[in-house]
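Asks: what follows is a predicted structure for the sequence shown.
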4 protein chains.
Amino acid sequence: MSFNSFGHLFRVTTYGESHGVALGCVIDGCPPRLPISEAMIQGFLDRRKPGQSRFTTQRREPDAVRILSGVMADEAGGQLLTTGTPIHLMIENVDQRSKDYGEIKDKYRPGHADYAYDVKYGIRDYRGGGRSSARETAARVAAGAVARQVLPGVTVRGALVQMGPHKIDRSRWDWEAVDANPFFCPDPVAAVFFEEYLDGIRKAGSSIGAVIEVVAEGVQPGLGAPIYGKLDSDLAAAMMSINAVKGVEIGDGFAAAELGGEANADEMRMGNDGRPLFLSNHAGGILGGISTGQPVVVRFAVKPTSSILQERRTVDRYGHDTDIVTKGRHDPCVGIRAVPVGEAMMACVLADHLLRHRGQVGAPVAWPFEK
Amino acid sequence: MSFNSFGHLFRVTTYGESHGVALGCVIDGCPPRLPISEAMIQGFLDRRKPGQSRFTTQRREPDAVRILSGVMADEAGGQLLTTGTPIHLMIENVDQRSKDYGEIKDKYRPGHADYAYDVKYGIRDYRGGGRSSARETAARVAAGAVARQVLPGVTVRGALVQMGPHKIDRSRWDWEAVDANPFFCPDPVAAVFFEEYLDGIRKAGSSIGAVIEVVAEGVQPGLGAPIYGKLDSDLAAAMMSINAVKGVEIGDGFAAAELGGEANADEMRMGNDGRPLFLSNHAGGILGGISTGQPVVVRFAVKPTSSILQERRTVDRYGHDTDIVTKGRHDPCVGIRAVPVGEAMMACVLADHLLRHRGQVGAPVAWPFEK
Amino acid sequence: MSFNSFGHLFRVTTYGESHGVALGCVIDGCPPRLPISEAMIQGFLDRRKPGQSRFTTQRREPDAVRILSGVMADEAGGQLLTTGTPIHLMIENVDQRSKDYGEIKDKYRPGHADYAYDVKYGIRDYRGGGRSSARETAARVAAGAVARQVLPGVTVRGALVQMGPHKIDRSRWDWEAVDANPFFCPDPVAAVFFEEYLDGIRKAGSSIGAVIEVVAEGVQPGLGAPIYGKLDSDLAAAMMSINAVKGVEIGDGFAAAELGGEANADEMRMGNDGRPLFLSNHAGGILGGISTGQPVVVRFAVKPTSSILQERRTVDRYGHDTDIVTKGRHDPCVGIRAVPVGEAMMACVLADHLLRHRGQVGAPVAWPFEK
Amino acid sequence: MSFNSFGHLFRVTTYGESHGVALGCVIDGCPPRLPISEAMIQGFLDRRKPGQSRFTTQRREPDAVRILSGVMADEAGGQLLTTGTPIHLMIENVDQRSKDYGEIKDKYRPGHADYAYDVKYGIRDYRGGGRSSARETAARVAAGAVARQVLPGVTVRGALVQMGPHKIDRSRWDWEAVDANPFFCPDPVAAVFFEEYLDGIRKAGSSIGAVIEVVAEGVQPGLGAPIYGKLDSDLAAAMMSINAVKGVEIGDGFAAAELGGEANADEMRMGNDGRPLFLSNHAGGILGGISTGQPVVVRFAVKPTSSILQERRTVDRYGHDTDIVTKGRHDPCVGIRAVPVGEAMMACVLADHLLRHRGQVGAPVAWPFEK
């Protein structure tokens, strides 16, 4: 991860601001001959797109993606295939309303990056938060759609598991439910509650935090690298790089701190297919930074949207005390739209580590039992 | 972060196994003319060193560091100064007892990296965990000692804030207390309790998890970079790369998910020195991935030591079900010795970002108020 | 340098194919508050643009650049300034004639990358050479224009110093002449000769190689880093990455192999300004990989354009022997348009090293005389 | 390439100074289960070792290498195998005579890095050139020995092809001759001449340049990556990073600038094995930055040793004009010992690109003929 790029072999560079002409990403190092299409990528973008319900910003952005390089029609002239060269995916901004942001030109919104950007660079694009806006995450979702093609047999799914202090009931977890409510919530009962709960927050001009869980199933064992290339270390960086994320955990995460060694150990037995079975998954599918073949489980905490209609105390860029009310079009719970973003980051990290693994080791898996 | 290196300009590469000849690190990109010495580095290593109390492994390692390159005596012939070339810090292993590990040669210890390494590489150094051993963290602590020299005016301190389910009372926080008990615990009352508590766990042949907090004070605003070079993203990767860490949070972390936007906003007022003051620090000193000048606050969860005397079910490398009891010399709470390691990682990440910031921006801080 | 990106702090990623929708670059890590504009960048692109004379390809591409991100109008609302976030520069292709390339779809043109791409990736964009086309160099020139803004006081200029076996007379070197002939030739007499010479080659359907020299004046001493970050090493990589380049030399280059130690030594004397003067510049401004303050001098050899109207023997992708004549619109001496490309690469490498230097060392120059 | 590391997946970091305690390298990313041993590496180091003949420095360094990490005995307990973790190779310095260098403490030797290091860092290790000494190349040779294990079936060999103005007769090229004379010269007749020629130079207290050629045979097609990851670009950087190198060329190199397109084209015909045959190798085995399966041919120019007994004009670090005679133990033609170093760099670059290729593409070669 460095500045505006991440990944080592499957490397994604993003660009663009909230109210600029366009945003997008360049994917470098993608394997050749993978089928991709604008329609396939668009499917993922539509899940993150604003304006899908009254619980997300009302900004109207179609988020229409164009593939501008790195593909070639297959021999039959039909399906686009990746060529191994850089893939540029671009999304034009169409619904900028920069006048909404006149007031924040000079005032620093608490909880936002305004002051930090100004004190670092001596200049900032204040229109909609500029580069620090969550609009950048559209580029991640587009990249994630390509990353999924690198991972046949792997299923990456995310869900909202907590809103404010309210956790879902995991015994009701139903992946089918996730796309059946505006919260990506896998607990249909909680989803009904969240609708009323978030309406109250929205109408009060306030906002609320959330916790998101992303699970990757079908991940081969052996992905990850020692010490500073650990799969969980890269996942932590990836999730923490998403706007408003303040915490990341793998498997049991912070709850593991409360466990004794007996309870935390994921015991093993040989399965019928000659592969080992884990009898639990406290580790979240990662030991020593390397995937074990179990589901990879990541959770991250998203703070409440900082743009609220309640007046807050702040300073302006001329050094004066002042107060601010952040108008404009905002998500009352920015965690909701972080679900497809978290999935995309998981897919990108796994794709990168798959390529890194086969680069170093060659063989897909060195099953010890077959030596 | 890639494989066994981390950092972009202040770049640390570590090598070595638990029972090999030596371990150490090469620091590349360190600024020139910084005073360092073996004694200064040793002081930090001694805090992490095993065998300091009955609560850490009884392996006897002096962890004596040698500076093998990258320094030159100053003109007066006395103080060693860095020269800007790679600094190699080496620590020889002296108390390997590889016979202790005969049984784990073929059996996979639950919770350890044994199976993951074997399935990835088709070979592993099983002696004491090999590369996946926490002995590697000695190299980090040595690097961290050098990183602190890059950060004049910055104080980096860590503390154990939770052991098992027992959290300290933050109202009793006393930095002086941290080095006055064997737990790096800032709450003297809790430290007394932990002594009895951990003795019980140790005698039962069990282990327990912990939560560590690291705070950096005096960090200039402006460190960090947009999107994938965020300071919090790099800190998350750094902490998650430490052995047994399963979760990382910045500022309020997961608790932020429970907050509304009003409560979470760190309001601002101008201070008497013409700099802005934050009225709270929910953000942990980082907004938009960039430091604000507030204390940078990171917490991470350490799972219980996986090596326990309780029998656990597992498989061996020939594909047979078996059971294992992990003998040897182990920490009952590996989180304790993670405190100086977490400090070191914080120092390395901050040093790297300081160099990156002045590389891109030149000036230390672009105070907006003085434009 | 990795795949489609180069630079460590001033990092350029390019994308796009000869006959795709668009090509361009994303510049990551550019310092903030530098003035840039489409007009300024366009000035450099126009020097590289095809169709400027009968000696370059007749493809009609305006190479009109658009700045799509990373800038903000200054406080007065006028000049665009960089913001420190990624700068995306895009150039749309407008004069693709893909039908010209039907024959090469299945045949491998000798000297081109056709076979190499196919054997690597199992797929290639054969239209105009796809990613391996010299059209990619437009993105480099655009990036170079921005890099120059990072280097106030530095002059980067290139010139064609040899065409085929014919070297210019260096005693007639006149930088003013360079833009007064279609060859970027600093020797006005040679330029007249080249016009007739290249006309003969062009009419014969052949092509010819060339040698380009790029000189950077005003470079501060101290740029470059030890061993694998040497300034000359990065320049060599940068120039060798340009299409059709087969050799790179610094200062005296291969001629230095013929010298004795006395002749090669650049002796020094103190100048009137209290700075040392070099009495010669065999080293090309670089010693030990670090700039000395003398002009940085690089030369590179460009092979003749591989697309010629003479029939050559080759094979096709079905494994049959065949012959090929490469029609289409080609430069008879592709080295000519490599001049602005070489300048751009020099500027990008110097900009990157300036940022890296001030990142590590802080102070611009550590004049030893003032200690 | 960045500072003191190079390679992307097969990554080598070196450390150490001419007169420090030790020098060495850490190899990160090496594939597992490759057999290596100190004896095997030592064989390569002995070819580079000083004091082998009267034509190299008389400093007595055994250059004895130790493997300090990253290996494990195989199951039979005999052969050491790489484990996929970092390999530390260390060489202790034993014959430092720092008093030889008293005079150069304050004076800048023309042609050396003395002034450049001082003006960059404000400090330098003047003893034997410190970090800029060619002793660092021992670490490269050690790394190259490991890299060769990554490349089964590939032969990497180097030779001195020119000394001063005297080129060898390539029609007499005999690889067997290379190790039969003290110059690594493949032309036995020229080797006899060089003996007398270099004796004259040595006795005169002077020095002379050389040109080295390195050839890799058996390289699979498809290594290299587009644009900024070109195989020739990485080779250029690698060779230019060797001490005293001033020029690099691939295949015909600068001679290609004199060719017409017909002469330069490497025509193709199908071979009896169903693979294409090239009828010439002007390209040096690389097209579009990607290997073609032909021998990879690189040449580099080494300037004369800057340490000579002839008095030269210079300045000291206090800003005074002075003169200098560089005593001590020096190679009269430093190009000779660059031969094994050039081989090592070729091996490292190829190993890195092999891993990068199989990371991105998976399959070893995508033979188009078999689709």
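Replies: Thanks, I have the structure now.

Asks: going by C-alpha atoms from here, please, whenever you check contacts or count neighbours.
Replies: Will do.

Asks: let me see the mean pLDDT of stretch A:236-245.
Replies: Average pLDDT, stretch A:236-245: 98.

Asks: does that stretch reach chain B?
Replies: Yes: judged by Cα under 8 Å from any Cα of the partner chain, stretch A:236-245 and chain B are in contact via A:236-244.

Asks: contacts for that stretch next, please.
Replies: For stretch A:236-245, contacts defined as Cα atoms under 8 Å, 6 or more residues apart in numbering or on different chains pick out A:1, A:132-134, A:137, A:246-249, A:300-305, A:338, A:341-342, A:345-346, A:349, B:227-230, B:232-237, B:240, B:248, B:288-289.

Asks: out of the residues of stretch A:236-245 next to chain B, which are inside helices?
Replies: Here DSSP state H is the test, and the residues of stretch A:236-245 next to chain B give A:236-240 as lying in helices.

Asks: show me the contacts of stretch A:236-245 that map onto helices.
Replies: Residues of the contacts of stretch A:236-245 located in helices (DSSP H): A:137, A:338, A:341-342, A:345-346, A:349, B:232-237, B:240.

Asks: ranking those residues by neighbours, who comes first?
Replies: Greatest neighbour count in the ones in helices among the contacts of stretch A:236-245, by other Cα atoms under 10 Å in any protein chain shown, goes to residue B:232: 35 neighbours.

Asks: give the contact list for that residue.
Replies: A:237, A:240-241, B:224, B:250, B:286, B:289-290.

Asks: so which of the residues you listed comes closest to residue D:43?
Replies: residue A:237 (43.2 Å; Cα to Cα).

Asks: which pLDDT does the model give the closest residue in space to the closest one that isn't next to it in sequence?
Replies: Closest residue to residue A:237 apart from its sequence neighbours, by Cα to Cα, 6 or more residues apart in numbering or on different chains: residue B:233 at 4.5 Å. In this model, residue B:233 is scored at 98, pLDDT.

Asks: verify the stated contact: residue B:233 with residue B:288.
Replies: No: assessed by Cα atoms under 8 Å, residue B:233 is found out of contact with residue B:288, at 10.4 Å.

Asks: near chain D, which residues of chain A?
Replies: Close to chain D, as judged by Cα under 8 Å from any Cα, chain A has residues A:9, A:29-32, A:84-85, A:226, A:354-362.

Asks: list, one by one, the residues from the stretch 1-150 of chain A near chain B.
Replies: Proximity of the stretch 1-150 of chain A to chain B, by Cα under 8 Å from any Cα, involves residues A:1-6, A:8, A:110-113, A:115-122, A:131-132.

Asks: which intervals of chain A have sub-threshold pLDDT?
Replies: The model of chain A has pLDDT under 70 over residues A:1, A:97-101, A:329, A:370-371.

Asks: please repeat the previous calculation with a cut-off of 80.
Replies: Applying pLDDT under 80 to chain A picks out residues A:1-2, A:50-52, A:56-60, A:75, A:77, A:95-103, A:327-330, A:363-367, A:369-371.

Asks: returning to what we had before: show only the entries of the residues of the stretch 1-150 of chain A next to chain B found in helices.
Replies: Short answer: the residues of the stretch 1-150 of chain A next to chain B in helices (DSSP H) are A:115-121.

Asks: among those residues, which ones lie close to chain C?
Replies: Restricting those to those near chain C by Cα under 8 Å from any Cα leaves residue A:121.

Asks: from residue C:190, how far out is residue A:2?
Replies: 47 Å (Cα to Cα, to the nearest Å).

Asks: do residue A:212 as well
Replies: 69 Å.

Asks: neighbour count for those two, which is higher?
Replies: Neighbours were counted for residue A:212 and for residue C:190 using other Cα under 10 Å; residue A:212 has more, 28 against 19.

Asks: that one: what secondary structure?
Replies: For residue A:212, the assignment made with DSSP: H, G, I helix; E, B strand; the rest coil gives strand.

Asks: same question, the one 10 residues further on
Replies: Secondary structure for residue A:222, judged by three-state DSSP, is coil.

Asks: count of residues packed around the residue lying closest to it once chain neighbours are set aside?
Replies: Distances taken as Cα to Cα, 6+ apart put residue B:120 closest to residue A:222, at 4.1 Å, once the chain neighbours are dropped. For residue B:120, the neighbour count with other Cα under 10 Å is 29.

Asks: same check on residue A:134?
Replies: Residue A:134: 19 neighbours (other Cα under 10 Å).

Asks: for it, give its distance to residue A:338.
Replies: Taking Cα to Cα as the measure, residue A:134 falls 9 Å from residue A:338.

Asks: quick one: contacts for residue A:210?
Replies: The contact partners of residue A:210, by Cα under 8 Å, 6+ apart, come to A:160-164, A:301-304, A:333, A:335-336, B:257-258.

Asks: skipping adjacent residues, who's closest to the residue in the stretch 101-250 of chain A that chain D sits nearest to in space?
Replies: Using Cα to the nearest Cα, residue A:226 is the residue of the stretch 101-250 of chain A that sits closest to chain D, at 7.1 Å. Nearest residue to residue A:226, sequence neighbours excluded (Cα to Cα, 6+ apart): residue B:3, at 5.7 Å.

Asks: tell me if I'm right that the one you found and residue A:225 touch.
Replies: Yes: look at residue B:3 against residue A:225 with Cα under 8 Å: they come within range, at 5.5 Å.

Asks: more neighbours: which of these two?
Replies: Remark: of residue B:3 and residue A:225, residue A:225 carries more neighbours, 27 against 21, as counted by other Cα under 10 Å.

Asks: check contacts around the closest residue to residue A:325 other than its chain neighbours.
Replies: Among residues not flanking residue A:325 along the chain, residue A:311 sits closest, at 4.7 Å (Cα to Cα, 6+ apart). Neighbouring residues of residue A:311 by Cα under 8 Å, 6+ apart: A:323-326.

Asks: run the last query once more with 7 Å
Replies: Residues in contact with residue A:311, defined by Cα atoms under 7 Å, 6 or more residues apart in numbering or on different chains, are A:323-325.

Asks: same check, this time on residue A:347
Replies: Residues in contact with residue A:347 (Cα under 7 Å, 6+ apart) are A:144, A:147-148, A:156.

Asks: top of the residues you listed by neighbour count?
Replies: Highest neighbour count within the contacts of residue A:347: residue A:144, with 28 neighbours (other Cα under 10 Å).
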